[in-house]
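Chemist: My questions are about this predicted structure, shown below with the sequence.
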Amino acid sequence: MGTSKKNRIFYYDNLKFFLILTVVIGHFADEMSPMPGSFKSLFLWIYSFHMPLFLFIGGMFHKNDNVLPKVVRFVMIGFVLNIGLFLEKLAFGWEPSLSYFRMTGVPWYMFVLAGYTVLSYLLRKMDKKAILIFAIILGLFSGYDSSLGDTLALSRFIVFYPFFVLGNMVKPDQPIKVLEQKWIRIVGIMVIAAWAIMCITRIDSIYMLRTLFTGRNSFGEKYGTWAFFYRGLAYIITLVAGFGVMCLIPKGKLPVATSLGERSIQIYFWHYFIIFLLNYMGVEKMLATGTFNHLVWLILAVLCTLVTGMKLFSFPTDQIINLSRYAKDQTRRDIF
């Protein structure tokens, strides 16, 4: 299966590296305004699977133990990230706003993980299939409620919850056993390639799905009365695309990629600091036009992923994780 001395499954570290790489590339692509057609295609392709698949993995490895330390860990990382980005923008002479409850940027992911951890514990005795069905129904119709949005990341909390629940219904070894069948991998690779081609050739027709894949927007008037149908279509695309991506990933230990996959949280934490720095320096404006310049911008995204994955950038996420482990130990002492 490909495991380390710590019984880590290399396949999922490889998958997490690919996903965090796409997160960084997607955010770099989104900084190009107006976004070139090629970046629109890349953005839509990436956003169709990257965060739902991350949450699927999170659900797969989630256990209903040590809930408080886990919640503390996620919330602390989210708040420190939120405050850190605010201070960086302040230092650059921008006019930032700070909200502890309105999650407009990257910290939303940490708060959603904290919420899922609590909700999973509260619903631990309920049938997961029933929870999944209910979560899908909520997700399908959540876009009609315009009051949902960035406040406590409620929109994304609801829209992406089915993927976390689905992951929680699957054991880590099950997808790997399925993907050992070569024909399944071939089909999956063909599917994700076909979706990529569609994102390139039909981008003007399907770019409307962008707001559905981000999970943070209400339907508005764009999708009409039958908007839930489009959400359902987005769900299906995400499932198929996520399956295709899983088929791309090798299961053995890889140089650099496997170790960086273990550090995906620190990369997630630091990469937007780099983006803001490049924005402050005006790099994205210098590279805004021309195919070569766009390629350079994407190379910078890859370099950002590699650099922020270095041990030098393990602060403060490692310290927060260690603090939550200390809280877990304290809890055990209090109980026993």
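Modeler: In hand now; what should we look at?

Chemist: ok but K222 is inside a helix, no?
Modeler: No: using DSSP: H, G, I helix; E, B strand; the rest coil, the secondary structure at K222 is coil, not a helix.

Chemist: Now do the SS call for the residue lying closest to it once chain neighbours are set aside.
Modeler: Of all residues not flanking K222 in the chain, M208 sits nearest, at 6.4 Å (Cβ to Cβ, 6 or more residues apart in numbering). Where you see a C-beta, it was placed from the backbone N, CA and C, and this is true even at glycine. Secondary structure, three-state DSSP: M208 is helix.

Chemist: Pull the contacting residues for M208.
Modeler: 222-223, 230 (Cβ atoms under 8 Å, 6 or more residues apart in numbering).

Chemist: Where does the prediction get shaky in this structure?
Modeler: 1-6, 324-336 (pLDDT under 70).

Chemist: Which helix in the chain has the most residues?
Modeler: Secondary structure assigned by DSSP state H gives helix 67-91 as the longest helix of the chain.

Chemist: What is that helix packed up against?
Modeler: helix 108-122, helix 264-281, helix 317-335 (3 or more Cβ pairs under 8 Å, 6 or more residues apart in numbering; DSSP states H and E).

Chemist: after the first one, next one along is what?
Modeler: Tracing the chain past helix 108-122, the next element assigned as helix or strand by DSSP states H and E is helix 128-141.

Chemist: Which positions in that next one come out as buried?
Modeler: 128, 131-132, 135-136, 139-140 (16 or more other Cβ atoms under 10 Å).

Chemist: Contacts for it next, please.
Modeler: By Cβ under 8 Å, 6+ apart, helix 128-141 touches 123, 158-162, 165-166, 168-169, 228, 231-232, 235.

Chemist: what about 6 Å?
Modeler: Residues from elsewhere that reach helix 128-141 (Cβ atoms under 6 Å, 6 or more residues apart in numbering): 123, 158-159, 161-162, 165, 169, 228, 231-232.

Chemist: quick check: angle from it to helix 108-122?
Modeler: Here helix 128-141 runs at an angle of 140 degrees relative to helix 108-122 (axes from the mean of the first three to the mean of the last three Cα atoms, to 10 degrees).

Chemist: ok, now how distant is M190 from A196?
Modeler: Separation of M190 from A196 (Cβ to Cβ, to the nearest Å): 11 Å.

Chemist: Neighbour count: these two, which is higher?
Modeler: Higher neighbour count among M190 and A196: A196, with 17 against 12, using other Cβ atoms under 10 Å.

Chemist: buried residues in the helix or strand where the more buried one lies?
Modeler: Using DSSP H and E, A196 sits in helix 182-201. The neighbour-count check on helix 182-201 (16+ other Cβ under 10 Å) flags 185, 188, 191-192, 195-196, 198-199 as buried.

Chemist: Tabulate those (CSV), appending distance to A114.
Modeler: As requested, the buried residues of helix 182-201 are exported to CSV (distance: Cβ to Cβ, whole Å):
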residue, distance to A114
R185, 35
G188, 32
V191, 33
I192, 31
W195, 31
A196, 33
M198, 35
C199, 32
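
Chemist: what residue lies at the spatial centre of the protein?
Modeler: Nearest residue to the geometric centre of the chain (Cα atoms, centre = their mean): M51, 2.8 Å.

Chemist: Could you confirm that residue falls within a helix?
Modeler: Yes: with three-state DSSP as the criterion, M51 is located in a helix.

Chemist: In contact with the residue lying closest to it once chain neighbours are set aside, which residues?
Modeler: Closest residue to M51 apart from its sequence neighbours, by Cβ to Cβ, 6+ apart: F160 at 6.5 Å. Neighbouring residues of F160 by Cβ under 6 Å, 6+ apart: 52, 55, 215.

Chemist: Check the gap between F160 and G139 for me.
Modeler: From F160 to G139 the distance is 8 Å (Cβ to Cβ).

Chemist: This completes my enquiry, with thanks.
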